[in-house]
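Chemist: Just need the structure, nothing else, for what follows:
(one chain, ligands or ions: 2)
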Amino acid sequence: MFRQPIVSRTFIGRREELSALQEARRDLASSHGGAVLIGGETGIGKSRLLAQFVNDLREGKSRRIVVTAECLERVQQPFGPIRTLVATLAEFVERDELPGNVRRAIAQLTRSSPELDHANATEALERADLLSALVELVKLVVARQAVVMTIEDLHWADSSTLDVLAYAIPRLARSRFLLVATFRSDELERNETLLAAVSQMLREPSVRRLALPAFSRSEIRDLIDDALGDRAALPASVRHDIEVRSEGNPFFAEELVKGALEAQSAGALASLPLSIRASILQRLATLSAEERRVLERAAVLGYRFDPALLALVTGSNVEALLPTLRRARDLNIVVEESDDARFRFRHALTRQTIYIRSARPRAASCGESGVLTRVNTLGAATRLVDRSLARPRRPRGHSTHTPHTGNAVSCDFSTRHADNASTSATKTLGQPRSHGEQRTQLSRRSDVEADRSPHRASLD
Ligand SMILES: Nc1ncnc2c1ncn2[C@@H]1O[C@H](COP(=O)(O)OP(=O)(O)O)[C@@H](O)[C@H]1O
Ligand SMILES: [Mg+2]
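Modeler: Ligands and ions are numbered 1, 2, ... in the order given. Next up is the predicted model:
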């Protein structure tokens with residue numbers, strides 16, 4: 001176990017994003033407020049970017065109020081981050097000089113007893129009055145000093161918080177108030193309240209979205225170097241493997257480094273870190289058991305898979321599978337490939353996690369059934385090839401793609417590449433003479449498939 005956390009101490013890359021944030025901050029001087037919504041998948045670096053921005057703000061010379069708040073998973077209170085904002089701003093105003101509705105709003109959201117004792121504070125403000133009182137409070141403060149508010153993890157915000165933001169942001173566009181919030185882009189599709197609030201905010205000219213892309217290979221290399229620090233070096237092949245497998249996600253890269261170091265010190269082979277699996281499985285949790293079963297079958301087919309083959313394997317048809325695939329796409333579990341109507345897993349690590357999850361119980365309960373599932377899979381694949389071959393041949397030159405030998409079945413058995421599929425099926429299945437021989441051959445093939453390092457798949 002490593003007592004020191006394996007994280008990069010240096011802030012890497014994100015120059016453009018940081019300068020977009022700094023520009024938004026500079027605009028405050030000319031009373032251009034608004035919001036920047038930082039979106040990106042889990043672990044891509046939203047919090048780190050925000051922390052860097054806040055750090056720079058606090059080190060800067062300008063006098064401005066910085067309010068940092070966060071939304072919490074499961075235990076989110078109504079108006080959670082708004083309470084933090086109100087409590088901070090209340091310290092910058094003279095209560096006696098405030099209009100009654102603003103005092104009541106402060107009392108209501110901070111539950112401070114002196115305010116509650118106030119005769120006017122006994123009744124709660126109606127929602128509309130509360131919202132306008134909040135805007136009034138911010139305007140009173142920003143008349144004297146600019147305010148930058150950050151909110152972490154907006155995808156966990158309660159609906160009252162989202163209501164306040166959607167109401168207040170347009171009304172504060174010409175005030176020295178800037179909101180910078182982070183949210184998981186993959187949560188947007190499954191959280192309708194968030195989706196509605198974010199879309200409403202983004203319609204405002206004063207609001208912009210900053211989408212965080214994956215790190216480049218060289219940035220990931222820098223991150224690995226920095227995370228390793230002066231610890232024992234990892235072999236070049238392991239570092240390269242981490243570089244490829246992390247697919248530009250710094251959280252995955254750090255966790256893989258940690259896993260590799262732990263395995264190295266224990267003299268064992270590195271397995272897929274629990275932290276990575278947990279973050280991926282969390283996304284799967286919102287799917288139904290049937291939808292998960294479909295994705296498990298897809299994971300057996302490979303990093304890329306053909307919906308037609310998946311339909312055969314699951315005993316369904318493509319139309320029936322599409323809603324599941326769309327949901328998985330919206331949750332950023334799979335990606336639809338535009339050019340050939342196939343799908344692939346968002347990360348090779350996503351596929352590996354689902355594959356491990358689906359393989360475990362079978363291996364534990366019955367060693368045979370894993371093999372039999374693959375027999376079914378390949379049986380279905382063979383039927384698909386047969387069906388493809390029964391179709392009229394395309395003109396020569398139409399299908400020039402040569403499949404990799406030993407590659408995942410999904411790659412080879414597209415209905416669009418009947419010629420390739422038949423070649424590859426022969427290569428893959430060979431000409432087994434007996435059932436036993438076929439099973440041996442298939443289980444050997446599935447071992448290759450299981451061992452296939454995910455980065456090979458990502459390079460397909
Ligand atoms: N620009 C960066 N420079 C260095 N390390 C980073 C950078 N971005 C992210 N990381 C590291 O990657 C991990 C995940 O980043 P984090 O900001 O927590 O992701 P998110 O908030 O998007 O889930 C953290 O340990 C973080 O320190
Ligand atoms: Mg975060």
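
Chemist: got a pLDDT number for the closest residue to ligand 1 within the stretch 101-250 of the chain?
Modeler: Nearest to ligand 1, among the residues of the stretch 101-250 of the chain, is Pro250, at 3.3 Å (C-beta to the nearest ligand atom). Bear in mind the C-beta positions are built from the backbone N, C-alpha and C, glycine included. Pro250 carries a pLDDT value of 95.

Chemist: quick one, what contacts the residue of the stretch 301-450 of the chain found nearest ligand 1?
Modeler: Nearest to ligand 1 in the stretch 301-450 of the chain, going by C-beta to the nearest ligand atom, is Asn332, at a distance of 12.6 Å. By C-beta atoms under 8 Å, 6 or more residues apart in numbering, the contact set of Asn332 is 41, 185-186, 283, 346.

Chemist: circling back to that earlier point, quick check: the residue of the stretch 101-250 of the chain closest to ligand 1 touching Gly45?
Modeler: Yes - between Pro250 and Gly45 a contact is recorded at 5.3 Å, counting by C-beta atoms under 8 Å.

Chemist: quick one: common contacting residues for the two?
Modeler: Phe215.

Chemist: So which of those two has more stuff around it?
Modeler: Gly45 (29 against 23; other C-beta atoms under 10 Å).

Chemist: which residues does that one contact?
Modeler: Gly45 touches 14, 212, 215, 250-251, counting by C-beta under 8 Å, 6+ apart.

Chemist: Including distance to Ala263 and secondary structure, could the residues you listed go into CSV?
Modeler: Converted to CSV, the contacts of Gly45 look like this (distance: C-beta to C-beta, whole Å; DSSP: H, G, I helix; E, B strand; the rest coil):
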residue, distance to Ala263, secondary structure
Arg14, 30, coil
Leu212, 29, coil
Phe215, 23, coil
Pro250, 20, helix
Phe251, 19, helix
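
Chemist: Excluding chain neighbours, what is closest to Leu310?
Modeler: Ala298 (5.4 Å; C-beta to C-beta, 6 or more residues apart in numbering).

Chemist: what's the answer for Ser132, then?
Modeler: Asn101 (7.5 Å).

Chemist: What of Pro81?
Modeler: Closest to Pro81 by C-beta to C-beta, 6+ apart is Ala69, at 3.4 Å.

Chemist: returning to what we had before: which of the contacts of Gly45 sits closest to Asn55?
Modeler: Lowest distance from Asn55 to these (C-beta to C-beta) belongs to Arg14, with 13.0 Å.

Chemist: Not including adjacent chain positions, what is the nearest residue to the closest one?
Modeler: Leu49 (5.4 Å).

Chemist: In this structure Leu228 contacts Leu234, no?
Modeler: Yes - counting by C-beta under 8 Å, Leu234 is a contact partner of Leu228 at 6.7 Å.

Chemist: where do the contact lists of these two overlap?
Modeler: 257, 261.

Chemist: more neighbours, the two?
Modeler: Using other C-beta under 10 Å, the more surrounded residue of Leu228 and Leu234 is Leu234, with 20 against 17.

Chemist: ok now do that one, which residues does it touch?
Modeler: 224, 228, 242, 257, 260-261, 264.

Chemist: got it, and Arg83?
Modeler: Per C-beta under 8 Å, 6+ apart, neighbours of Arg83: 77, 109-110.

Chemist: Tell me which helix or strand it sits in.
Modeler: Element membership for Arg83 (DSSP states H and E) is helix 80-90.

Chemist: immediately after that helix, which helix or strand?
Modeler: Downstream of helix 80-90 (by DSSP H and E), the next one is helix 100-110.

Chemist: between that next one and helix 80-90, how many degrees?
Modeler: 130 degrees (axes from the mean of the first three to the mean of the last three C-alpha atoms, to 10 degrees).

Chemist: Check which residues of helix 100-110 are buried.
Modeler: 101-110 (16 or more other C-beta atoms under 10 Å).

Chemist: Would you format those residues as TSV with pLDDT and distance to Ala320 included?
Modeler: Shown next, in TSV, are the buried residues of helix 100-110 (pLDDT from 0 to 100; distance: C-beta to C-beta, whole Å):
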residue	pLDDT	distance to Ala320
Asn101	91	56
Val102	93	56
Arg103	92	59
Arg104	91	55
Ala105	91	52
Ile106	93	55
Ala107	90	56
Gln108	89	51
Leu109	89	49
Thr110	87	53
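
Chemist: show me where the stretch 251-400 of the chain has helices.
Modeler: 274-284, 289-301, 307-314, 318-330, 348-365, 367-390 (DSSP state H, counting those that start in this stretch).

Chemist: And those, which one averages the lowest pLDDT?
Modeler: helix 367-390 (a mean of 47).

Chemist: Make sure Val102 is actually in contact with Ala133.
Modeler: Yes - with contact defined as C-beta under 8 Å, Val102 reaches Ala133; the gap is 5.0 Å.

Chemist: Which helix or strand contains Thr182?
Modeler: Judged by DSSP H and E, Thr182 forms part of strand 177-184.

Chemist: so what does that strand touch, helix or strand wise?
Modeler: With contacts taken as 3 or more C-beta pairs under 8 Å, 6 or more residues apart in numbering; DSSP states H and E, strand 177-184 sits against helix 15-27, strand 34-40, helix 46-59, strand 146-152, helix 159-171.
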